[in-house]
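K.L.:
starting from these lines, generate the structure:
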Amino acid sequence: MDTQKLAQLLFPKILKTPDYYEALYPPRRLADGARVTRFAPSPTGFLHFGNLFTCLVSYKTAKSTDGVFYVRVEDTDQKRKVDGAIEVMLKGLSVYGITPDEGVLDEDEQFGAYGPYYQSERKIIYQTYAKSLVAQGLAYPCFMTAEELDDIRAQQENESIKGIWGLWAKHRDLSLEEIEANLAAGKPWTLRLKSPGTPEGKCYFDDMIKGKIEMPENVQDVVLLKSDGIPTYHFAHAIDDHLMRTTHVVRGDEWISSAPIHLQLFKLLGFKPPKYAHVAPIMKEENGGKRKLSKRKDPEAAVTYYAEEGFPSESVNEYMLTLANSNFEDWRRMNKEEALDKFPFNLKKMSVSGALFDMVKLTDVSKNVICKMPAAKVFDLSYAWAQEYCPALAALYEQDKARATAILNIDRENKKPRKDIAKWSDIPDYISYMYDETFVPCYDLTGNATPALAVKVLTNYLDAVNLNDTKEEWFDRIKGLCAGIGCTPNVKEYKQHPEAFDGHVGDVSTVIRVALTGRTNTPDLYEITRLLGEEAVKARLTAALAHYKEEN
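P.N.:
This next block holds a predicted model:
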């Protein structure tokens, strides 16, 4: 067959050759070892935690080598397009500090010398390479109808190799005259690869995460262009990854089964294939076993969940790196104050079988991250969160922003900050006792603190409380109450002679703490007292005293 004539017959309007695009998109000028990676979403839904995780791995792969990270939108399937999906995805990435060097920056803006970065705008490029394959005898038009394809699927139900290949590839060897007749009759056609693969052939590649992989090579005559001239994912991504000079493709390991097709396409197109890094899915424990994190079953599968709950992006990023690299936590222990971008990320340190999502671990990581934040930052981030997700907390803050910041600063910005807050949604309960509107009294006592002792403590403290005290004066005043109510200011003395006392200074503090906050465990009581103010302090002490008198 005259394949040159066939190529011109199928693509009469394609005037350029692949050489034109090879020159238009030359190899990038990068330092040795620099990697070029991409995030290539489809505009079909929300940003899944697994997408974010894989994207972070791709981003770190580029950035750890002073390379390039870009965003390409794979929108060839316009029927499944969801309006606004790309904007939501890109916003989600920016929240977690993933900023592309080039590509699609928002739905209306692209930047970079290797665009356009929407596949829907690259149709002529794909058809140029398709024409070249036809001219080389590596692709052919297929006129099989949907009914014929359905019939083949039914016949192949028990076959080990499915798809259009071998005897099923009925139009692979049509003559030029038969093709011309079909085209003249207006029959729709798809362009299929003329695969050189054999059932006995093998495909080998060295995965950056999973190591050496051996698979049967591709024998299917896969569709390259659909009947509307739009490419399939397989064909489009091979051309784009080559022309955008991608060096490393980081993607979910569900794509391993497609690797033989992709590697075959790269070879037949004359391209050097990129390195592949197939990321195992994020797993979750359930009923003693493990399953994939599911967007249908698990709210934490949606990236929006973390914003709604108020997990800072820094916490989520820190947690994702514990999942991504097995040596990250050791590095963090040795580099407590270092920024995350200083971590030497390495694809080879990733889990082969899949990291396990652990909400308890995320919570612990986030507590460590938040406890190191200065109060002003905690206020700013939590206030921004509250304005969107918790108007009641925002309203409390707005009463007095300086006071709110001071409340958040209790037992913060010191050598051993408290770790009470894991996410901004913890704050309303955490600070509820600092506002009369949200304070819920609870007079349950612990230790040696009894209602009888509480009556003595509160009666005396009401007369002694002075909010002008320094912290030392305040504590001396608490200790000064002890002798008159049968307690000792010395805990060690109490432990040596417990029968001689009704309690110790810690029990006295517990009574005051419970009266003022309704809790037995809080941050620094002196700071709480000072920030509550004299009116609130005396009102709460008086109410507690009345309660304990009645209980007694």
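K.L.:
report the separation between the two terminal residues of stretch 515-534.
P.N.:
Stretch 515-534 has an end-to-end distance of 14 Å (Cα to Cα, to the nearest Å).
K.L.:
tell me how many other residues surround the closest residue to K348 other than its chain neighbours.
P.N.:
Once flanking residues are discounted, K348 sits nearest to M208: 6.8 Å by Cβ to Cβ, 6 or more residues apart in numbering. C-beta: built from backbone N, CA, C; applies to glycine. M208 has 19 neighbours, counted by other Cβ atoms under 10 Å.
K.L.:
for M208, give its distance to A280.
P.N.:
Counting by Cβ to Cβ, to the nearest Å, the gap from M208 to A280 is 13 Å.
K.L.:
now T459
P.N.:
65 Å.
K.L.:
who has more neighbours, these two?
P.N.:
A280 (18 against 15).
K.L.:
spit out the contact partners of that one.
P.N.:
When contacts are counted by Cβ atoms under 8 Å, 6 or more residues apart in numbering, A280 touches I209, D253, M350, S351, V352, S353, G354, A355.
K.L.:
of these, which is the nearest to V104?
P.N.:
D253 (25.1 Å; Cβ to Cβ).
K.L.:
check contacts around the closest one.
P.N.:
By Cβ under 8 Å, 6+ apart, the neighbours of D253 are K210, H278, V279, A280, P281.
K.L.:
I'd assumed S257 was in contact with the second one.
P.N.:
So that's H278. No - assessed by Cβ atoms under 8 Å, H278 is found out of contact with S257, at 10.3 Å.
K.L.:
among those two, which residue is more densely surrounded?
P.N.:
Ranked by neighbour count (other Cβ under 10 Å), H278 and S257 place H278 first, with 22 against 9.
K.L.:
isn't there a helix covering the more buried one?
P.N.:
No - judged by DSSP: H, G, I helix; E, B strand; the rest coil, H278 forms no part of a helix; its state is strand.
K.L.:
just the pLDDT for it.
P.N.:
What the model reports for H278 is a pLDDT of 97.
K.L.:
by contact count, what packs against the top helix by length along the chain?
P.N.:
Ranked by number of residues, the top helix in the chain under DSSP state H is helix 534-551. If you count contacts as 3 or more Cβ pairs under 8 Å, 6 or more residues apart in numbering; DSSP states H and E, helix 534-551 packs onto helix 451-464, helix 505-517.
K.L.:
which residues sit against the helix or strand hosting V249?
P.N.:
In this assignment (DSSP states H and E), V249 forms part of strand 248-252. Applying Cβ under 8 Å, 6+ apart, the contact partners of strand 248-252 are 35-38, 50, 54, 57-58, 61-62, 208, 241, 274-279, 281, 347.
K.L.:
what do you get for stretch 296-315?
P.N.:
For stretch 296-315, the external contacting residues (Cβ under 8 Å, 6+ apart) are 46-52, 92, 95-97, 284, 293-295, 316, 340, 357, 359, 362, 365-366, 369-370, 373, 381-382, 385, 389, 422-427.
K.L.:
how near is the spatially closest residue to A301 that is not a sequence neighbour to S432?
P.N.:
Closest residue in space to A301, ignoring its immediate chain neighbours: K295 at 4.3 Å, by Cβ to Cβ, 6+ apart. According to Cβ to Cβ, K295 stands 33 Å off from S432.
K.L.:
ok, G50 next?
P.N.:
36 Å.
K.L.:
look at the two and report which has more neighbours.
P.N.:
More crowded of G50 and S432, by other Cβ under 10 Å: G50, with 21 against 17.
K.L.:
contacts only, for the more buried one.
P.N.:
G50 touches G252, P281, I282, L293, A301, counting by Cβ under 8 Å, 6+ apart.
K.L.:
any of the residues you listed buried? List them.
P.N.:
Taking 16 or more other Cβ atoms under 10 Å as the criterion, what is buried in these is P281, I282, L293, A301.
K.L.:
and the first one, how far from N287?
P.N.:
Taking Cβ to Cβ as the measure, P281 and N287 are separated by 18 Å.
K.L.:
before we move on, what about L243?
P.N.:
From L243 to N287 the distance is 47 Å (Cβ to Cβ).
K.L.:
give me the more crowded residue out of those two.
P.N.:
Higher neighbour count among L243 and N287: L243, with 19 against 6, using other Cβ under 10 Å.
K.L.:
residue ranges for the helices of the stretch 101-250 of the chain, please.
P.N.:
123-135, 146-155, 176-184, 233-243 (DSSP state H, counting those that start in this stretch).
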